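Peer 1: Coordinates for the following, if possible.
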Amino acid sequence: EVQLVESGGGLVQPGGSLKLSCAASGFIFSNEPMSWVRQAPGKGPEWISSISSYGGGGIYADDVKGRFTISRDNTINTLYLQMNSLKPEDTAVYFCAKAAKIFALVRQTWGRGTQVTVSS
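Peer 2: Residues are numbered from 1 along each chain as shown. Below is the predicted model:
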């Protein structure tokens, strides 16, 4: 059974940082591209970033480029999202997805999510 368990969310002030983690199990993690998706209250899901199976070639949505960094550690089956210079509009539930960008908005590929709230 595929399991994706996100962690690391919380309340942070504008300009602050958080690092999200996604622990993966039930599949060969090192074979799969992975993504991060977020969903703000009352809005549809938004693709944030994707990374190749071997960890190269991170790609980003324009509104997080230069602030967020995706990475992975295939030795411990974990995906990360380092988020810097956080803004109130980054407030959302963040999901990791067992998918490349093209399929990242398919809900069935997501974990349960972790809440990120950016507020003073």
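Peer 1: mind checking how far the residue nearest the centre of the chain is from residue 63?
Peer 2: The residue lying closest to the centre of the chain (Cα atoms, centre = their mean) is residue 36, at 2.9 Å. Per Cβ to Cβ, to the nearest Å, residue 36 is found 13 Å from residue 63. C-betas here are computed from N, CA, C, even on glycine.
Peer 1: Please name the bridge partners of the residue lying closest to residue 95 once chain neighbours are set aside.
Peer 2: Spatially, and ignoring its direct neighbours in sequence, residue 95 is nearest to residue 110 (4.1 Å; Cβ to Cβ, 6 or more residues apart in numbering). Under DSSP bridges, the beta-bridge partners of residue 110 are residue 97.
Peer 1: Within the helices and strands, which one has residue 79?
Peer 2: strand 78-83 (DSSP states H and E).
Peer 1: List the buried residues in that strand.
Peer 2: Neighbour-count burial for strand 78-83, counted by 16 or more other Cβ atoms under 10 Å, picks out 78, 79, 80, 81, 83.
Peer 1: just checking, the last one touches residue 67?
Peer 2: In this case it means residue 83. Yes. Counting by Cβ atoms under 8 Å, residue 67 is a contact partner of residue 83 at 6.8 Å.
Peer 1: residues near residue 30, how many?
Peer 2: Residues within reach of residue 30, counting by other Cβ atoms under 10 Å, total 14.
Peer 1: Start and end of stretch 96-111, how far apart?
Peer 2: One end of stretch 96-111 sits 6 Å from the other (Cα to Cα, to the nearest Å).
Peer 1: now it: mean pLDDT?
Peer 2: Per-region confidence: stretch 96-111 scores 92 on mean pLDDT.
Peer 1: buried set for that stretch?
Peer 2: Neighbour-count burial for stretch 96-111 [16+ other Cβ under 10 Å]: 96, 97, 98, 99, 100, 101, 104, 105, 109, 110, 111.
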